[in-house]
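S.K.: for reference, the sequence and a predicted model appear below.
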Amino acid sequence: MTNDLTGMDELYRDFILDHYRNPRNAGKLEAPDATFEDNNPLCGDKIRMDIKLRDGVVDDIKFSGRGCAISQASASLLTESVKGKSLAEVARIGKEDVLENLGIAISAARLKCALLGLKVLKQALAIYKPSEDL
């Protein structure tokens, strides 16, 4: 008996591997408005995000780091999904949104890997202080 989900699972695995091997928005921004870096000490994943904002909207975002395919693909997908969104829209992004973007079941042991990018994004924006108009 064959499992009908096998084909879909394979597509999602390929999708995640593509984001891991060819990350979108990889790199660092010069003079970002917000930046934060964190790691998952249990597995060694590390992610830094740099964010440029314009009029309360994510104008550009880059991430850098190292780690497993899940953490890096999740960060790549997250940066794609927040570009062009307002700070209020980004604030509403939660765990479920990130897991839905990945499209595969994530074990409890890999959950921190999948959510590290979201944690870094939220922390960067939490400490962001807009410059006052002179």
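M.R.: Happy to help now that I have it. Residues are numbered from 1 along each chain as shown.

S.K.: let me see the ranges of the helices in the protein.
M.R.: Remark: helices assigned in the chain by DSSP state H are 5-21, 69-82, 87-91, 95-102, 111-126.

S.K.: tilt between the fourth one and helix 111-126?
M.R.: If you take axes from the mean of the first three to the mean of the last three Cα atoms, to 10 degrees, helix 95-102 sits at 120 degrees to helix 111-126.

S.K.: what is helix 95-102 packed up against?
M.R.: helix 69-82, helix 111-126 (3 or more Cβ pairs under 8 Å, 6 or more residues apart in numbering; DSSP states H and E). C-beta coordinates here come from the backbone N, C-alpha and C atoms, glycine included.

S.K.: what's the answer for the third one, then?
M.R.: Based on contacts counted as 3+ Cβ pairs under 8 Å, 6+ apart, the elements that helix 87-91 packs against are strand 57-66, helix 111-126.

S.K.: buried sites along it?
M.R.: By 16 or more other Cβ atoms under 10 Å, the buried positions in helix 87-91 come out as 87, 90.

S.K.: chain center to it: distance?
M.R.: 14 Å (Cα atoms, centre = their mean, to the nearest Å).

S.K.: pLDDT of that helix, averaged?
M.R.: For helix 87-91, mean pLDDT is 96.

S.K.: let's have the helices of the chain in TSV, adding distance to residue 58.
M.R.: As requested, the helices of the chain are exported to TSV (distance: least, Cβ to Cβ, whole Å):
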stretch	distance to residue 58
helix 5-21	19
helix 69-82	5
helix 87-91	6
helix 95-102	15
helix 111-126	9
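
S.K.: nearest to residue 37, of those?
M.R.: helix 111-126 (6.8 Å; Cβ to Cβ).

S.K.: what residues sit buried inside that closest one?
M.R.: Judged by neighbour count using 16+ other Cβ under 10 Å, the buried positions of helix 111-126 are 112-125.

S.K.: so residue 90 sits right up against residue 83, yeah?
M.R.: No. The criterion here is Cβ atoms under 8 Å, and residue 90 misses it with residue 83 at 10.1 Å.

S.K.: what do those two both touch?
M.R.: Here residue 90 and residue 83 have residue 58 as joint contacts, going by Cβ atoms under 8 Å, 6 or more residues apart in numbering.
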